[in-house]
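**Student:** here is a sequence together with a model predicted from it:
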There are 4 protein chains.
Amino acid sequence: MRKFGIIGVGHVGVTIAYTLVTKGIADELVLIDSNEKKAVAEQLDLEDCQARLDTTTHIKVQDYQKLADADILFITSGNIGSLQHNDGNRWAEFEYTRDIVKDIAPKIAQSGFHGVLIDTMNPCDAIAHYLQRTAGVETSKCMATGTFLDTARMQRVVAEQFGVNYKNVSGYVMGEHGESQFVAWSTVRVNNHPLVDFAKANGKKLDYDALEEEIRKGGWAVFSGKGYTSFGIATCAIKLAQAVLSDAQLECPVSSYNSKYDTYLGQPAVVGKNGIEYVNEVKLTDAEEAKLANSANTIKEKFATM
Amino acid sequence: MRKFGIIGVGHVGVTIAYTLVTKGIADELVLIDSNEKKAVAEQLDLEDCQARLDTTTHIKVQDYQKLADADILFITSGNIGSLQHNDGNRWAEFEYTRDIVKDIAPKIAQSGFHGVLIDTMNPCDAIAHYLQRTAGVETSKCMATGTFLDTARMQRVVAEQFGVNYKNVSGYVMGEHGESQFVAWSTVRVNNHPLVDFAKANGKKLDYDALEEEIRKGGWAVFSGKGYTSFGIATCAIKLAQAVLSDAQLECPVSSYNSKYDTYLGQPAVVGKNGIEYVNEVKLTDAEEAKLANSANTIKEKFATM
Amino acid sequence: MRKFGIIGVGHVGVTIAYTLVTKGIADELVLIDSNEKKAVAEQLDLEDCQARLDTTTHIKVQDYQKLADADILFITSGNIGSLQHNDGNRWAEFEYTRDIVKDIAPKIAQSGFHGVLIDTMNPCDAIAHYLQRTAGVETSKCMATGTFLDTARMQRVVAEQFGVNYKNVSGYVMGEHGESQFVAWSTVRVNNHPLVDFAKANGKKLDYDALEEEIRKGGWAVFSGKGYTSFGIATCAIKLAQAVLSDAQLECPVSSYNSKYDTYLGQPAVVGKNGIEYVNEVKLTDAEEAKLANSANTIKEKFATM
Amino acid sequence: MRKFGIIGVGHVGVTIAYTLVTKGIADELVLIDSNEKKAVAEQLDLEDCQARLDTTTHIKVQDYQKLADADILFITSGNIGSLQHNDGNRWAEFEYTRDIVKDIAPKIAQSGFHGVLIDTMNPCDAIAHYLQRTAGVETSKCMATGTFLDTARMQRVVAEQFGVNYKNVSGYVMGEHGESQFVAWSTVRVNNHPLVDFAKANGKKLDYDALEEEIRKGGWAVFSGKGYTSFGIATCAIKLAQAVLSDAQLECPVSSYNSKYDTYLGQPAVVGKNGIEYVNEVKLTDAEEAKLANSANTIKEKFATM
């Protein structure tokens, strides 16, 4: 039986819930929110789906004890819509989410939950680190979507330059899921060619700085039009969860603990039944290494204030 | 190739879009909204999913001409969140949505669209009738989700009385997707037994009025907790669309044209490649027939003011 | 994590395996067969799928110990193709399958398996009873597909008379998954009308005996053209398994223990996490009751020879 | 509406059909076989599934005229099981399949079919070329699964060396779907590292010749245990079909026309709504180029005898 918990039924949390229910991924689902009326309403709306679906998911609400035997717990709290977010800076949510995470982390610890934590709350790298420490779990058992989403945006932005499928673009956005992130261009490949070669062969001059800006501001572009982001981030979170449940040993960029920098940050890693199975060390250029160090420090500074 | 259009990318419209994309149902999708920035943001957020999915959907925005060869067009406009909705009355949205539909119906007619229209805008029975007339399509080519959703709620409410699967409850909520709707209790069956017999055999005394009130107020219960409804309604709309595309000849309650009352209303009908293939006339009690007549008149009165 | 075992990787077993893998239903799968080379080949062929799928399933072979923590165990042994089967009589397989089941039942008992057994081996009612006794499990924990498949055929045959969707036909084929089965015509409904009424309203004269013969010989029609049956039966078995895993409380006809007749037979029952949750007693006509008694006795006589 | 045709309902054809039906990919499906009884039996068995599925697929048999508006036509004839195949050589099927293809190609041409042809018949590169010429379609409109399957086997064999997910291995098997194929090791990457580097970093000495032999003999390993191959090949064929239907612009190795060698052969290409959109020229070592030339010549020689 596959059992999931979701703490925070805002746009991201309910999109994850809806997907788990409508795709038949979850056999059991626990929804928890500081706003009980909202959690109950989401439960009802999800239950209104089920007479029209071929699968069944049992949904419970507001009970931390029910997390004890959950396989995966998504942390999706935060209220992006209520914040002044007009600079596109994910740190802006920090003070607000810090209070939330300080409230929920001990409750998770006490619930008996011993599965894998997947965080989408921003600033997600620092929050994941805080959650891992406070909930008292091994670093391998806690991850955040991090630059998995930014990498999806990189795949989109690069693919659109060439009219290829997004999945035919590989490579990584690394570091902070935030302003200090960077595209590790040396890792990017299109149709299995190094990006630089592919662009050249196709007579395409790329403005890497402009592309990177478009990628970094991808979340902001969505936010400014719809007031929040939900679909891309939910899809990333679910992909990670499925990798854990099926012990997929899936390699992908994900916010995870980096021992060199003693912080969480977006980096290639392998996800399986133990959560983060191992970090996949990739060769970066010196300039990229410097950007990674800089991004790691940015995250650590923020984490230090928690 | 399966091609869908969605006019109105509010909560319902984007939930439909997200489902069509993440379940790989749509090969092509056209999103149209009066707020272009929002349509573009939703497109981006949906495209951010695609590097993480196994399927591909091409998404276009804001172009009515692209509807010419769409198979299905969902009409999901309306802004439930912005309205005073505190009486649970779907007519409250009417004046607002009437203006919207007066704007979009001629554009649909001019687009060359000749597929099947599925309306979720409220008051959906009257709106569907108006759309059908104004867009100049046969009655069979235009339907609304109507009491398909209320019936899902009935299945939930009844199933929970007995701990059975929602899908093991059959029968119909009929009439208006609104206050004048009614549960045709004489049609309701649980585990293939007439409800009355099943309740008796299980030593259960049912308060039919209370159950009916819970069903009718089901949307309100969701709305009051989350500010809108989205998941149940989207799932119903998609089920209808899939029945059209695969020519499923699926029998279900749906808002469709009733020639006796010369109005749209929720009634059992069969859905296939032509839209509404035929109405499935079911035997009702005299009291239920009276309720149906009353509900039909309520809808017609409103429609007359459009 | 969802874990399944399959004993017998003939056509039915591998179709179940293929479905569990390609639909992403199984996280782990154990295949066991008396022909080890075949089990390994099926494992390889299933693994050759996985680079092309979005999900991951770990497949193990030939190890009964790995069944200890499986949720569901399908018993799909038997070699229909090698038998003289020219009378369409499922008892013909009996001696052969009896030896198989006598070999595997103790191994299941010793494996520590404590999930739910789903049998598709023929004669499936007697085999299920034998398995339940020998493997030492509660009757609720062992079921066979039984007339769930014959009912699917009834839905097809009746639906085609009226051009409706198969799912719009409800009702039951009951008794033996074999010659003595019968259609409980009094339970059959089309588009939510009693079949008799629906046929009358549509000006259709039905030859019930001919329809019943077509239903009963449905498996034979498939067998005589392709040498075995696989798709329908696999789909039924998987539907039961999913009902167990998600605790769906799904009502359907299934071969389960009937205390009145002290035998397994096809009857409406409710399937959930405990396997058979309860039998759903339906009202039959006297003639149907007599047919049920007769079919029960047929199954019991055969079982007595095991 | 998505419409598919399948000519040849042997193990591969029916596995494709079953997948299209049970995953809800096909709205309409046409099955054609030289053995009409078998085609009808497969139709029945697939229809026996549908009362248990959430989707509907209309299935027709034996009518070439119904292919006129199909999007995709799979050619899956051949009778691998009936052949002496004990040398693992796919050419062994050649004479038999040549006769089949000579029978069906003109019928396809006359049917009015104008979609995309996907061939799985062996020797599939030569057969695809023959089909393309005889059915009179552009080279872009006809492809064969070719080394897409061998590449899946390479992904499996390499992934198992390191315990990574099969999908984390990229690169190509190229040339003939047969004995003269070769692994383009210079293109193979694991977890986004060149294979050579990854093996070194993991302290793993690889025997490339042994791995290549295991890959080349992958089909044989399956065949020798189960008498045919079906699951891997069907999954590859469906992936190509979905790429066409959704215009995915998916890059993958597939048997397609190579103008340099004037033959079909397995090579990286991009698949979209026009079939093969373009060949993705990848840099090979000189030794690999020589192997490709050799493999191309092997295919051409055989084709010349058709």
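**Tutor:** Thanks, I have the structure now. Numbers count the residues shown, from 1 in each chain, chains lettered A, B, ... in the order given.

**Student:** three-state assignment of A:Ile100?
**Tutor:** Three-state secondary structure (criterion: DSSP: H, G, I helix; E, B strand; the rest coil) places A:Ile100 in helix.

**Student:** please name the nearest non-neighbouring residue to A:Ser230.
**Tutor:** If the residues on either side of it in the chain are set aside, A:Ser230 comes closest to A:His11, at 4.1 Å by Cβ to Cβ, 6 or more residues apart in numbering or on different chains. Using the backbone N, CA and C atoms, a C-beta is placed for each residue, glycine as well.

**Student:** quick check: phi and psi at that neighbour.
**Tutor:** Backbone torsions of A:His11, given as degrees, to the nearest 10, read phi -60, psi -40.

**Student:** and the pLDDT at it?
**Tutor:** Confidence per residue is given as pLDDT, and for A:His11 that number is 95.

**Student:** now the residue nearest to A:Thr145 when sequence neighbours are not counted, what's its secondary structure?
**Tutor:** Across the structure, with Cβ to Cβ, 6+ apart as the measure, the residue nearest A:Thr145 apart from its sequence neighbours is A:Cys236 (4.7 Å). Under the three-state scheme (three-state DSSP), A:Cys236 adopts helix.

**Student:** for A:Tyr172, grab the count of nearby residues.
**Tutor:** By other Cβ atoms under 10 Å in any protein chain shown, 27 other residues sit near A:Tyr172.

**Student:** one more: A:Asn297?
**Tutor:** With neighbours defined by other Cβ under 10 Å, the count for A:Asn297 comes to 15.

**Student:** how about it: what's its closest non-neighbour residue?
**Tutor:** Distances taken as Cβ to Cβ, 6+ apart put A:Tyr261 closest to A:Asn297, at 7.7 Å, once the chain neighbours are dropped.

**Student:** helices or strands next to the lowest-mean-pLDDT helix or strand in chain A in the packing?
**Tutor:** Of all helical and strand segments in chain A, the minimum by mean pLDDT, DSSP states H and E falls on helix A:94-111, at a mean of 88. In this structure, helix A:94-111 makes packing contacts with strand A:72-75, helix A:124-135, judged by 3 or more Cβ pairs under 8 Å, 6 or more residues apart in numbering or on different chains; DSSP states H and E.

**Student:** tilt between that helix and helix A:124-135?
**Tutor:** Helix A:94-111 and helix A:124-135 meet at an angle of 30 degrees, taking axes from the mean of the first three to the mean of the last three Cα atoms, to 10 degrees as the criterion.

**Student:** ok, and what's touching helix A:94-111?
**Tutor:** For helix A:94-111, the surrounding residues in contact (Cβ atoms under 8 Å, 6 or more residues apart in numbering or on different chains) are A:7-8, A:34, A:64-65, A:67-68, A:73, A:75, A:77-79, A:83, A:117, A:121-123, A:126-127, A:130-131, A:134-136, A:302, A:306.

**Student:** could you list the paired strands of the helix or strand following that helix along with their orientation?
**Tutor:** Once helix A:94-111 ends, the next helix or strand along the chain (criterion: DSSP states H and E) is strand A:116-119. Partner strands and pairing direction for strand A:116-119 (DSSP bridges) are strand A:72-75 (parallel), strand A:142-144 (parallel).

**Student:** can you lay out those strands as TSV showing distance to D:Val270 and mean neighbour count?
**Tutor:** TSV is the format used below for the strands paired with strand A:116-119 (distance: least, Cβ to Cβ, whole Å; neighbours: other Cβ atoms under 10 Å in any protein chain shown):
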stretch	distance to D:Val270	mean neighbour count
strand A:72-75	36	28
strand A:142-144	33	29
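
**Student:** got those as TSV, with mean pLDDT columns?
**Tutor:** Listed next are these as TSV, based on pLDDT from 0 to 100:
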stretch	mean pLDDT
strand A:72-75	98
strand A:142-144	98
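
**Student:** show me the helices in chain A, by range?
**Tutor:** Secondary structure of chain A (DSSP state H): helices at A:11-22, A:36-50, A:94-111, A:124-135, A:147-162, A:195-201, A:208-216, A:218-226, A:231-245, A:286-304.

**Student:** which of the ones you listed has the lowest average pLDDT?
**Tutor:** Taking mean pLDDT as the measure, helix A:94-111 is lowest among the helices of chain A, coming in at a mean of 88.

**Student:** ok now that helix, how far from the chain's centre?
**Tutor:** 17 Å (Cα atoms, centre = their mean, to the nearest Å).

**Student:** now stretch A:168-182
**Tutor:** Offset of stretch A:168-182 from its chain centre (Cα atoms, centre = their mean): 12 Å.

**Student:** quick one: it near chain C?
**Tutor:** No. Stretch A:168-182 lies apart from chain C when judged by Cβ under 8 Å from any Cβ of the partner chain; the minimum separation is 14.9 Å.

**Student:** buried residues in that stretch?
**Tutor:** The neighbour-count check on stretch A:168-182 (16 or more other Cβ atoms under 10 Å in any protein chain shown) flags A:168-182 as buried.

**Student:** got it, and stretch A:273-285?
**Tutor:** A:273, A:275-277, A:279-280, A:282, A:284.

**Student:** right, and A:Thr56 touches C:Lys239 too?
**Tutor:** No. Using Cβ atoms under 8 Å, A:Thr56 is not in contact with C:Lys239, being 11.4 Å away.

**Student:** residues near whichever residue of the stretch 101-250 of chain A sits closest to chain B, how many?
**Tutor:** In the stretch 101-250 of chain A, the residue found nearest to chain B is A:Gly225; the distance is 2.4 Å by Cβ to the nearest Cβ. Other residues within reach of A:Gly225 by the criterion other Cβ under 10 Å amount to 20.

**Student:** swap in A:His114?
**Tutor:** Based on other Cβ under 10 Å, the number of other residues close to A:His114 is 13.

**Student:** one more: A:Ala152?
**Tutor:** Residue neighbour count, defined by other Cβ under 10 Å, stands at 31 for A:Ala152.

**Student:** touching, it and A:Val169? I think so.
**Tutor:** No. Here A:Ala152 does not reach A:Val169: they are 9.8 Å apart, not a contact under Cβ under 8 Å.

**Student:** so what sits against both of those two?
**Tutor:** Among the neighbours of A:Ala152, those also in contact with A:Val169 (Cβ under 8 Å, 6+ apart) are B:Ala51.

**Student:** still on that earlier bit, can I get the buried residues of stretch A:273-285 in CSV with pLDDT and distance to chain C?
**Tutor:** CSV is the format used below for the buried residues of stretch A:273-285 (pLDDT from 0 to 100; distance: Cβ to the nearest Cβ, whole Å):
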residue, pLDDT, distance to chain C
A:Lys273, 97, 8
A:Gly275, 98, 14
A:Ile276, 98, 17
A:Glu277, 98, 13
A:Val279, 98, 20
A:Asn280, 97, 17
A:Val282, 94, 22
A:Leu284, 97, 28
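
**Student:** for those, which one is nearest B:Tyr18?
**Tutor:** Of all the buried residues of stretch A:273-285, the one sitting nearest B:Tyr18 is A:Gly275; the distance, using Cβ to Cβ, is 27.0 Å.

**Student:** distance of the residue of the stretch 101-250 of chain A closest to chain B from chain D?
**Tutor:** Here A:Gly225 is placed at a distance of 25 Å from chain D (Cβ to the nearest Cβ, to the nearest Å).

**Student:** residues touching the closest residue to that residue other than its chain neighbours, list them.
**Tutor:** Once flanking residues are discounted, A:Gly225 sits nearest to B:Ala41: 2.4 Å by Cβ to Cβ, 6+ apart. Contacts of B:Ala41 were listed using Cβ under 8 Å, 6+ apart, and they are A:221-226.

**Student:** same thing but at 7 Å, please
**Tutor:** Under the criterion of Cβ atoms under 7 Å, 6 or more residues apart in numbering or on different chains, the neighbours of B:Ala41 are A:221-222, A:224-226.
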